[in-house]
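Asks: Got a sequence here, can you build the structure:
(one chain, ligands or ions: 1)
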Amino acid sequence: MQSIYNFSAGPSMIPKDVLCQARKELQNWKDSGSSIMEISHRSKEFIQVALEAENDLRDLLNIPDSYKVLFCQGGARGQFSAIPMNLLGNVKTADYINSGYWSNCAFIEAKKYCNPKSIVISKKINNTISLLPICQWHINKNAAYIHYCPNETIDGLSIYEEPIFKNKIIIGDFSSYILSRPINIENFDLIYAGAQKNIGPAGITIVIIRDNLLEYSSTKTPSILDYKNISEHHSMFNTPPTFSWYLSGLVFKWLKKQGGLKEIEKLNQKKSDLLYQKINTSDFYINNVDIKHRSQMNVVFHLVKSELNEIFLKEASELGLTALKGHRIVGGMRASIYNAMPLEGVISLVKFMSYFENRYG
Ligand SMILES: *Cc1c(COP(=O)(O)O)cnc(C)c1O
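Replies: You can find the predicted model right below:
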């Protein structure tokens with residue numbers, strides 16, 4: 001079979017080594033005679049898997065003991081509801097930094113629970129989209145917390161600076177940013193991420209929360225979204241998505257084997273540099289994000305001759321470069337190059353882009 005490089009934004013590629021290991025042990029996990037999907041989440045064998053996944057994630061992200069790691073369900077969108085329900089307390093407002101599609105979705109959901117403020121930080125100057133630096137965010141002093149999204153998966157925008165506001169609760173939607181580089185957890189009070197972008201299969205959502213925040217939950221919070229309840233039950237209040245948890249654990253071990261996040265960051269830098277260089281040096285491909293805010297994970301671009309879009313996608317896909325179609329609200333192309341995308345995949349894409357430009361440009 002020809003090698004396939006899948007540029008899907010999510011669910012997305014999983015490291016080949018991890019898939020091979022999962023395949024090897026699929027029907028007979030650790031000589032149990034059963035698949036990991038068929039054993040109790042309360043068995044000591046599964047609990048061991050769950051704990052190892054947590055510990056490996058703690059090592060990778062250097063998570064201090066004062067933070068809980070929760071393995072939740074309901075995706076990142078579930079967290080759009082869980083956050084206000086758990087963290088507003090008696091406060092009636094929260095700040096939502098609006099940098100693109102997903103941060104705006106979080107804001108819209110929060111309106112069900114309070115009177116949130118949307119702080120728009122993106123601006124378009126001469127057709128280039130830029131974001132206000134953190135020091136220019138106008139924070140509202142009564143806000144229960146500040147919510148932002150460091151990587152807008154659809155818009156291809158990133159905020160690499162970590163927000164620091166004295167005595168403010170900082171929450172980040174890290175769905176497409178987590179594990180792509182080291183971060184300082186202590187700059188955040190809560191970060192969350194659905195697994196299907198840069199971790200593993202859909203179904204599990206990681207929440208990393210400073211433990212003093214477990215107490216604010218409203219009494220109306222559904223038990224399966226209540227952080228304190230989830231934490232007290234070690235993320236097993238209800239049956240967790242065991243396969244997704246197990247596979248995410250394998251990905252964490254794979255990341256450690258690659259040398260951890262410092263090494264991964266170098267590789268991600270190299271991959272995104274290659275692609276952006278191709279775009280920068282061409283009049284055929286365009287990316288209109290300010291260089292400082294270009295996403296390393298989701299590289300969006302479009303063809304100046306948009307009538308060639310379909311041909312581009314078709315020919316790319318015939319060469320094994322799949323899922324390059326941009327999100328319907330942005331159009332054009334999007335190459336999602338998460339941790340599992342090997343350097344060779346990006347090299348192949350850049351080669352194809354050069355060929356395509358020579359042929360049709
Ligand atoms: C994909 C994505 C979401 C939505 O995730 P679900 O798990 O489908 O709810 C939210 N935020 C960001 C930044 C995303 O990339």
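Asks: Report the buried residues of stretch 305-324.
Replies: 308-309, 312-313, 315-316, 321, 323-324 (16 or more other C-beta atoms under 10 Å). Backbone N, C-alpha and C define where each C-beta goes, glycine included.
Asks: scratch that, stretch 174-182 is what I was asking about
Replies: Buried residues in stretch 174-182 (16+ other C-beta under 10 Å): 174-181.
Asks: what two of the residues you listed are the furthest from one another?
Replies: Comparing all pairs in these by C-beta to C-beta, the longest separation belongs to Ser175 and Arg181, at 14.8 Å.
Asks: what does the stretch 151-300 of the chain have sitting close to the ligand?
Replies: 153, 173, 175-176, 194, 197 (C-beta under 6 Å from any ligand atom).
Asks: Ile286: which of those residues is nearest?
Replies: Thr153 (19.4 Å).
Asks: didn't the closest one look like it was pressed against Ala9?
Replies: Yes - using C-beta atoms under 8 Å, Thr153 makes contact with Ala9 at a distance of 5.7 Å.
Asks: okay, the two: which has more neighbours?
Replies: Thr153 (25 against 22; other C-beta atoms under 10 Å).
Asks: contacting residues for that one?
Replies: Applying C-beta atoms under 8 Å, 6 or more residues apart in numbering, we find Thr153 in contact with 9-10, 101-102, 175-176, 197, 295, 297-298, 336.
Asks: So it versus Gln296, what's the distance?
Replies: Distance of Thr153 to Gln296, given as C-beta to C-beta, to the nearest Å: 12 Å.
Asks: which regions of the chain lie under the pLDDT threshold?
Replies: 1 (pLDDT under 70).
Asks: Where does it get nearest to the ligand, which residue?
Replies: Using C-beta to the nearest ligand atom, Gly75 is the residue of the chain that sits closest to the ligand, at 2.6 Å.
Asks: got the domain boundaries for this structure?
Replies: 17-257, 259-360 (automatic domain parsing).
Asks: Export the ones you listed to a markdown table and append columns for distance to Gln2.
Replies: A markdown table is the format used below for those (distance: least, C-beta to C-beta, whole Å):
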| stretch | distance to Gln2 |
| --- | --- |
| domain 17-257 | 17 |
| domain 259-360 | 5 |
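Asks: just the helices in the stretch 101-250 of the chain please.
Replies: In the stretch 101-250 of the chain, the helices defined using DSSP state H, counting those that start in this stretch lie at 101-110, 227-232, 242-257.
Asks: and the second one, which residues are buried?
Replies: Put plainly, it is helix 227-232. So, applying 16+ other C-beta under 10 Å, buried residues of helix 227-232: 227-231.
Asks: do the first one as well
Replies: Along helix 101-110, these residues count as buried under the neighbour rule (16+ other C-beta under 10 Å): 101-107, 109-110.
Asks: which element is the nearest residue to Met236 once chain neighbours are set aside on?
Replies: Closest residue to Met236 apart from its sequence neighbours, by C-beta to C-beta, 6 or more residues apart in numbering: His41 at 5.7 Å. For His41, there is no host helix or strand (DSSP states H and E).
Asks: how many neighbours does His41 have?
Replies: The burial count for His41: 16, using other C-beta under 10 Å.
Asks: That one: what's it in contact with?
Replies: 47, 50, 236, 239-240, 242.
Asks: Contacts only, for the closest residue to Gln27 other than its chain neighbours.
Replies: The spatially closest residue to Gln27, leaving aside those adjacent along the chain, is Ser35, at 5.8 Å (C-beta to C-beta, 6+ apart). Under the criterion of C-beta under 8 Å, 6+ apart, the neighbours of Ser35 are 26-29.
Asks: which ones are touching the residue nearest to Phe252 when sequence neighbours are not counted?
Replies: Of all residues not flanking Phe252 in the chain, Asp56 sits nearest, at 3.7 Å (C-beta to C-beta, 6+ apart). The contact partners of Asp56, taken as C-beta under 8 Å, 6+ apart, are 249, 252-253, 255-256.
Asks: 10 Å instead, please
Replies: For Asp56, the contacting residues are 248-256, by C-beta atoms under 10 Å, 6 or more residues apart in numbering.
Asks: My read is that Pro163 contacts Pro150, right?
Replies: Yes - using C-beta atoms under 10 Å, Pro163 is in contact with Pro150, at 9.0 Å.
Asks: more neighbours, these two?
Replies: Here Pro163 and Pro150 are compared on neighbour count by other C-beta under 10 Å; more neighbours surround Pro150, at 26 against 19.
Asks: Surely that one and Ile171 touch.
Replies: No - the pair Pro150 / Ile171 is not scored as a contact, 11.1 Å apart, by C-beta under 10 Å.
Asks: so what sits against both of these two?
Replies: In contact with both Pro150 and Ile171: 97, 163, 188, 191, using C-beta under 10 Å, 6+ apart.
Asks: For those residues, which entry has the maximal number of neighbours?
Replies: Ile97 (29 neighbours).
Asks: For it, what are phi and psi?
Replies: phi -70, psi 120 (degrees, to the nearest 10).
Asks: which residues does it contact?
Replies: Ile97 neighbours (C-beta under 10 Å, 6+ apart): 103, 106-107, 117-122, 131-132, 134, 137-139, 146-150, 159, 163, 170-172.
Asks: Try it again at 6 Å.
Replies: 119, 121, 148 (C-beta atoms under 6 Å, 6 or more residues apart in numbering).
Asks: May I have the phi/psi pair for Ile83?
Replies: According to degrees, to the nearest 10, Ile83 has phi -60, psi -60.
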